[in-house]
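Student: need coordinates for the below:
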Amino acid sequence: MCQHEDPCYFEWARFYDEDMTFLSALAKDYQVVLVGSLFEKRMEGVFHNTAVVFEADGRVLGKQRKMHIPDDPRFYEKFYFTPGDAIAPIASSVGNLGVLVCWDQWFPEAARIMALKKADMLIYPSAIGWFCDDSESVADKLLQREAWKGVQRGHSIANAMPVITSNRVGVEKDLSGQTSGLNFFGSSFIYGAFGEELACASEQEEILYARLDLQKSAQARQIWPFFRDRRIDAYGDLLKRVADES
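Tutor: You can find the predicted model right below:
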């Protein structure tokens, strides 16, 4: 829907409660901790791209609203979504889940905050793809995908924690007819506690499995003491839009 701006799509948020019931039932039926993405209407005029975490018994454990909202060709999300208010892990039976949404995955600050708040892993539900035309070369498309994977591998290494990223697959037509649409390239993956690739999907729909040993994060942080050596006294400029020149 974000390929163009159309107020009629705000009506899609009316399915939020129905989707919550559906995802809760899935988590309970399969006895898994489940992360699902939803279009949330918080109040009139305030809508969010929201990830919700369900416990294996179907209970809602918490939600994380997308923090960084893009506004790029065919990703006109600022028209639809208000940014989230906070970054915090969600406790579950499988650990503290550092859930962030799609575009959030490009920002090391968000990953680091999750780590500082003692998340055990980072989880990124995503919908990223290529244009369905010849405006991008094959080489450019592959470079984009490698950059997308690479920045998240960096989060795994810099924070010594696993990263789980699930990306959409298939083609979404532009219902306005203004563009050729988007081809979501899948390629979901799971990284271990220090950037090792444990599983990677193709561009088609499939299920990935990997065993995560959270103790490896503790071991990695002992060998690579990034958190010990952080210079928190020197990072004030990160809170500025543009740092003062010196």
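Student: just the helices in this protein please.
Tutor: Secondary structure of the chain (DSSP state H): helices at 16-30, 108-116, 138-159, 215-223.
Student: nearest to Gln3, of those?
Tutor: helix 138-159 (17.3 Å; C-beta to C-beta). Using the backbone N, CA and C atoms, a C-beta is placed for each residue, glycine as well.
Student: could you give the angle of the closest one to helix 108-116?
Tutor: Put simply, helix 138-159 runs at 30 degrees to helix 108-116, going by axes from the mean of the first three to the mean of the last three C-alpha atoms, to 10 degrees.
Student: and the residue lying closest to Thr165 once chain neighbours are set aside, what does it touch?
Tutor: Excluding the flanking residues, the one nearest Thr165 by C-beta to C-beta, 6 or more residues apart in numbering is Tyr124, at 4.4 Å. Tyr124 sits next to 99-102, 104-105, 152, 163-166 when contact means C-beta atoms under 8 Å, 6 or more residues apart in numbering.
Student: centre of the chain to the helix or strand of the chain with the lowest mean pLDDT, how far?
Tutor: The helix or strand of the chain with the poorest confidence is strand 75-76; it has a mean of 86 (mean pLDDT, DSSP states H and E). Computed by C-alpha atoms, centre = their mean, to the nearest Å, the chain-centroid distance of strand 75-76 equals 16 Å.
Student: parallel or antiparallel, list what pairs with it.
Tutor: If you go by DSSP bridges, strand 75-76 pairs up with strand 71-72 (antiparallel).
Student: so, low pLDDT: which residues of the protein?
Tutor: 245-246 (pLDDT under 70).
Student: quick one, strands of it?
Tutor: 34-43, 46-54, 60-65, 71-72, 75-76, 90-92, 95-99, 121-126, 129-131, 163-167, 169-172, 182-185, 189-191, 197-200 (DSSP state E).
Student: if we can go back for a sec, and the contacts of Tyr124, which is closest to Leu212?
Tutor: Distance to Leu212, by C-beta to C-beta, is smallest for Ile164 among the contacts of Tyr124, at 8.3 Å.
Student: list the contacts for Cys2?
Tutor: Each residue near Cys2 by C-beta under 8 Å, 6+ apart is listed here: 74-77, 79-80.
Student: so how far is Phe79 from Asn96?
Tutor: 33 Å (C-beta to C-beta, to the nearest Å).
Student: returning to that earlier point: make JSON lines out of the strands of the chain and add distance to Ile157.
Tutor: What follows is those, written out as JSON lines (distance: least, C-beta to C-beta, whole Å):
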{"stretch": "strand 34-43", "distance to Ile157": "22"}
{"stretch": "strand 46-54", "distance to Ile157": "23"}
{"stretch": "strand 60-65", "distance to Ile157": "22"}
{"stretch": "strand 71-72", "distance to Ile157": "27"}
{"stretch": "strand 75-76", "distance to Ile157": "27"}
{"stretch": "strand 90-92", "distance to Ile157": "23"}
{"stretch": "strand 95-99", "distance to Ile157": "15"}
{"stretch": "strand 121-126", "distance to Ile157": "12"}
{"stretch": "strand 129-131", "distance to Ile157": "26"}
{"stretch": "strand 163-167", "distance to Ile157": "10"}
{"stretch": "strand 169-172", "distance to Ile157": "27"}
{"stretch": "strand 182-185", "distance to Ile157": "23"}
{"stretch": "strand 189-191", "distance to Ile157": "9"}
{"stretch": "strand 197-200", "distance to Ile157": "12"}
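Student: closest one to Asp233 among those?
Tutor: That would be, of those and by C-beta to C-beta, strand 95-99, which comes in at 25.2 Å.
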